[in-house]
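> got a sequence here, can you model it:
(one chain, ligands or ions: 2)
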Amino acid sequence: MLTLSNLSLSFHRYGGLIRREQVERLSALSFTVAPGELVAVVGTSGAGKSLLAHAILGLLPPNANLKGEMMFKGASLMNDYPKGLRGKQIALMPQDIGHLDPLAKVGAQIRWSGRRAGNDKVDPVAQLLDVGLSPEVADRFPSELSGGMARRVLMALSLVGSPNLLVADEPTVGLDPDNRDRILKRLRDQASGERSVLLITHDLSAVLPLVDRVVILDQGRLLGIERADDFSGSGIDLQSEHARALWQALPQNEFYSYA
Ligand SMILES: Nc1ncnc2c1ncn2[C@@H]1O[C@H](COP(=O)(O)OP(=O)(O)OP(=O)(O)O)[C@@H](O)[C@H]1O
Ligand code: NI
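Ligands and ions are numbered 1, 2, ... in the order given. Here you go, the predicted model:
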């Protein structure tokens, strides 16, 4: 479904008046997301996770310079971003709840997202129920939502067009365990059949029970691609040393660090 081959991303930066330099933020990333898969991209702050999300959505700023190849269902996402893809076949659940329009009620925003995705007949209440929110939320403004509700509204907006690929950028940050697990469960349900999810997070332990595979990013570099099942025991089945170190550093595994 999604294939990245040697994808690099750099930015032009002006040093002084005439010196122009390139700063590389993603370095030769290669990985795939298969139909039905839920793949986590894990990395600390500044690893390049949101940049990767924006690259896949064709939302990078003009001074960004992408190299390599990125294919979605056989079409290249590299130069002219294919029309009719974003918000329909590929959707982003953004990291920042500031993406909600503060001046519009939730129901109206869901209808707009539906229209952008080519569906004029979206029922906001059904979309809200789908993410575990009650019908009355449709009449609220974003300022009247709790953090957990706002995240679920963002999720409803991103799901409105039934995307084949959903890129969820830190969808559970700042949420209590109940709200977090609700969102993660909905993402797990989403990833089946022809539909896949790329789940961006810094919280490996919260997502491990749900995801199929884990891509580890650090400072724009790929440090490992692992099957989620291999994060078990002492981590002997993990391919990369870095993944083993991450696994052994989780609080519940401290025992193994001394084994
Ligand atoms: N438009 C830009 N121009 C230049 N550098 C940028 C730009 N956007 C982001 N960066 C830099 O790229 C790096 C990766 O940023 P990114 O937002 O992808 O990190 P992240 O992994 O999503 O972090 P977080 O977990 O904090 O959201 C950072 O060092 C950031 O400063
Ligand atoms: Ni980010």
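> near ligand 1, which residues of the protein show up?
Within the chain, the positions lying close to ligand 1 (C-beta under 6 Å from any ligand atom) are 11, 25, 43, 45-51, 61, 95, 202. No exception for glycine: its C-beta is placed from N, CA and C like everyone else's.
> what's the distance between Ser76 and Val197?
Separation of Ser76 from Val197 (C-beta to C-beta, to the nearest Å): 22 Å.
> what about the nearest residue to Pro251 once chain neighbours are set aside, neighbour count?
Spatially, and ignoring its direct neighbours in sequence, Pro251 is nearest to Ser205 (7.8 Å; C-beta to C-beta, 6 or more residues apart in numbering). Residues near Ser205, counting by other C-beta atoms under 10 Å, number 14.
> OK, contacts around Ser205?
Ser205 is in contact with 250-252, counting by C-beta atoms under 8 Å, 6 or more residues apart in numbering.
> wait, Arg180 touches Ala206, no?
Yes. Arg180 lies in contact with Ala206 (C-beta atoms under 8 Å); the separation is 6.3 Å.
> what is in contact with these two at once?
Residues within reach of Arg180 and of Ala206 at once, by C-beta under 8 Å, 6+ apart, are Thr172.
> neighbour-wise, which of those two wins?
For the pair Arg180 and Ala206, the greater number of neighbours falls to Arg180 (19 against 16), based on other C-beta under 10 Å.
> which pLDDT value belongs to that one?
Listed pLDDT for Arg180 reads 90.
> for Leu199, see how far away it is.
12 Å.
> grab the nearest non-local neighbour of the residue nearest the centre of the chain.
Computing the C-alpha centroid of the chain and ranking residues by C-alpha atoms, centre = their mean puts Ala168 first, at 2.9 Å. Of all residues not flanking Ala168 in the chain, Met93 sits nearest, at 4.2 Å (C-beta to C-beta, 6+ apart).
> then Gly46?
For Gly46, the spatially nearest residue (C-beta to C-beta, 6+ apart) is Gln219, at 7.3 Å.
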